[in-house]
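In: Sequence plus the predicted model coming up.
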Amino acid sequence: MQKALIIGSCVCDVIIRVHQYPKISEDENIISQSLQLGGCAYNVAYILQQMHVPFDLFSPVGKGIYGDFVKENLINEDISIMIESNDNNGCCYCIVDDSSERTFLCEHGVEYLYTKDYFKLLDMNKYDCIYICGLEIEEVTGNNIIDFLEANNHQTIYFAPGPRIHLIDEDKMQRIFQLHPIIHLNEQEILTYTHQDDVNQAVVSLYELSQNVIIVTLGKQGCYYYDGYHSYVVSTVSQEIESSVGAGDSHLGGIIACRKKGYDWYDTLTNANKIAVQKLSQ
């Protein structure tokens, strides 16, 4: 089996639990604080590792307290570090309230920035699919990633635009759409980007641009599949939610793993839903 190439951030997540997110000028005591390895690309790679699917995590690892934390934990998890930088890593503050919903405050460091020289490290004969996240595309170096994708347009591309999809330069989005990626996003993200009020209309609108499979996660309802001809919802089981941090990434990680193992789309999404539920319960 060829590898999946996972492009994106591996970051120190600072998980802060509160009863409620404070409004401006309010003072809220936290319940707890902890550190864990996170970042969209790492979350995807972790699922591939658990499902014994070969991958390379192509994520810059830098210096500083957060870079040291990332490096130590990747080594402990036996994940190869392909890019090392002398610049500092940032971190992500993940604030989780009593509703189990998460709010992110991010300091972007070297883990989000890609130089053209990084991609010279890759032997593309090893891979048959590529994962990318919108956060790295949004950055000033995002065009370097797109240039690389355009030079390897025979690869299957999985694109997770993320919650800042509306802030990605439209020229970048159009270049990515021309590569016909499989797009994975949640209901709020697709409605925001397409300016639609209904998911059914939104997927049709987005498909006109990308011309490939679109997956929309629907929370407790499961996920929505659309390929231009067929559409259906794959339901999920109810589960008590501890935190939604990383659940969407884990869902996409499950999709990539199952597709590489030869599952059809319905079975792929059924399994991906189960993986996301397990993540939500942690």
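Out: Yep, it's here. Numbers count the residues shown, from 1 in each chain.
In: And the helices in this structure?
Out: 40-50, 64-76, 134-138, 142-151, 170-177, 187-194, 199-210, 247-260, 265-280 (DSSP state H).
In: Which one of these lies nearest to Gln221?
Out: helix 187-194 (8.9 Å; CB to CB). For every residue, glycine as well, the C-beta is placed using N, CA and C.
In: In PDB, please show the C-alpha coordinates belonging to that closest one.
Out: The C-alpha trace of helix 187-194 is given here as PDB (Å, rounded to 0.1, in the frame of the first residue of the first chain):
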ATOM      1  CA  GLU A 187     -22.400  22.400   8.200                       C
ATOM      2  CA  GLN A 188     -21.600  25.900   9.400                       C
ATOM      3  CA  GLU A 189     -18.500  26.000   7.200                       C
ATOM      4  CA  ILE A 190     -20.200  25.100   4.000                       C
ATOM      5  CA  LEU A 191     -23.200  27.300   4.600                       C
ATOM      6  CA  THR A 192     -20.900  30.300   5.400                       C
ATOM      7  CA  TYR A 193     -18.800  29.800   2.200                       C
ATOM      8  CA  THR A 194     -21.700  29.200  -0.200                       C
END
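In: Counting by contacts, list what it packs against.
Out: helix 199-210, strand 214-217 (3 or more CB pairs under 8 Å, 6 or more residues apart in numbering; DSSP states H and E).
In: roughly how far out does the shortest one sit from the chain middle?
Out: Pointing back at strand 214-217 there. How far strand 214-217 lies from its chain's middle: 13 Å, per CA atoms, centre = their mean, to the nearest Å.
In: what's the answer for stretch 13-24, then?
Out: 22 Å.
In: For that stretch, measure first residue to last.
Out: Criterion CA to CA, to the nearest Å; first-to-last residue distance in stretch 13-24 is 23 Å.
In: now what about that stretch, what contacts it?
Out: Contacts to stretch 13-24, defined as CB atoms under 8 Å, 6 or more residues apart in numbering, come from residues 28-39, 91-98, 103, 243, 245.
In: could you redo the last one with a cut-off of 6 Å?
Out: The contact list for stretch 13-24 (CB atoms under 6 Å, 6 or more residues apart in numbering) reads 28, 30-36, 38, 91-98, 103.
In: got the buried residues for it?
Out: Asp13, Val14, Ile15, Ile16, Arg17, Val18, Tyr21 (16 or more other CB atoms under 10 Å).
In: closest to Gly253 among these?
Out: For the buried residues of stretch 13-24, the nearest to Gly253 is Asp13 (16.0 Å; CB to CB).
In: So the residue lying closest to that closest one once chain neighbours are set aside versus Ala45, what's the distance?
Out: Closest residue to Asp13 apart from its sequence neighbours, by CB to CB, 6 or more residues apart in numbering: Gly38 at 3.4 Å. Going from Gly38 to Ala45 by CB to CB, to the nearest Å gives 11 Å.
In: okay, the two: which has more neighbours?
Out: Ala45 (28 against 23; other CB atoms under 10 Å).
In: tell me the pLDDT at the more buried one?
Out: The confidence metric pLDDT takes the value 97 at Ala45.
In: so who does it touch?
Out: Applying CB under 6 Å, 6+ apart to Ala45 gives the contacts Ile6, Phe55, Leu57.
In: ditto for Gln49
Out: Contacts of Gln49 (CB under 6 Å, 6+ apart): none.
In: pLDDT wise, what is it at?
Out: pLDDT, read off for Gln49, is 97.
In: how close does it get to Val237?
Out: Taking CB to CB as the measure, Gln49 falls 24 Å from Val237.
In: And Val277, by the same measure?
Out: From Val277 to Val237 the distance is 6 Å (CB to CB).
In: For the two, indicate the residue with more neighbours.
Out: Per other CB under 10 Å, whichever of Val277 and Val237 has more neighbours is Val277, with 20 against 9.
In: And the pLDDT at the more buried one?
Out: Reported pLDDT for Val277: 80.
In: Next, count neighbours for Asn73.
Out: 16.
In: my guess is Ala257 meets Pro54, correct?
Out: No: if you go by CB atoms under 6 Å, Ala257 and Pro54 don't touch, sitting 10.2 Å apart.
In: For these two, indicate the residue with more neighbours.
Out: Set side by side, Ala257 and Pro54 show more neighbours around Ala257, with 24 against 13, by other CB under 10 Å.
In: show me what contacts the more buried one?
Out: Leu48, Met51, Val53.
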